[in-house]
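Chemist: return a 3D structure for these sequence lines:
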Amino acid sequence: MTVLTPQQVTVGGIAPTYTAATASDSFLATGPGPYWLHVKNAGGSSDNVVLDDVVSTDPGSSTSFNPDVTVTVPATTGDRLIKIDPARFKNPGTGAVAWTHSFTTSVTAAVFYM
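Modeler: As a prediction, this is how the structure comes out:
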């Protein structure tokens, strides 16, 4: 697991740093957010990014309940900018926001906040 460091975007702009994706990545949400996860995929297969929703509760009497969010990042030249609300995705015990990747070859990611 790689713990990414959120990068603050300023009016002057930034030179963002991207990190190679691993099967499971995270960052510590220390502010109110929102945060933005940018995933770039230069590999030959699509990457399903699954955000772990540890806060939402089962509405009751459901036959199955999975509040996690899956975002598909297309192969080769794909990229997705994903909004992350800490109120939904931040683990209250650890402060971490976690996600998994289904494909990691030539996939990079970065986390931003304003």
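
Chemist: can we go C-alpha only for contacts and neighbour counts from here?
Modeler: OK.

Chemist: that's a helix at residue 105, yeah?
Modeler: No. Residue state for residue 105 (DSSP: H, G, I helix; E, B strand; the rest coil) corresponds to coil; a helix is not indicated.

Chemist: list the contacts of it.
Modeler: Shown in contact with residue 105 (CA atoms under 8 Å, 6 or more residues apart in numbering): 21, 42, 43.

Chemist: for the first one, which non-adjacent residue is closest in space?
Modeler: Setting aside the residues directly before and after it, residue 21 is nearest to residue 108 in space (CA to CA, 6 or more residues apart in numbering), at 5.1 Å.

Chemist: before we move on, which element is the one you found in?
Modeler: Element membership for residue 108 (DSSP states H and E) is strand 107-113.

Chemist: what pairs with that strand, parallel or antiparallel?
Modeler: Paired neighbours of strand 107-113 in the sheet (DSSP bridges): strand 7-8 (parallel), strand 19-20 (antiparallel), strand 35-41 (antiparallel).

Chemist: helices of this structure, start to end?
Modeler: With helices called from DSSP state H, the chain shows them at 86-89.

Chemist: name the residue closest to the centre of it, please.
Modeler: In the chain, the residue lying closest to the centroid (CA atoms, centre = their mean) is residue 37, at 4.8 Å.
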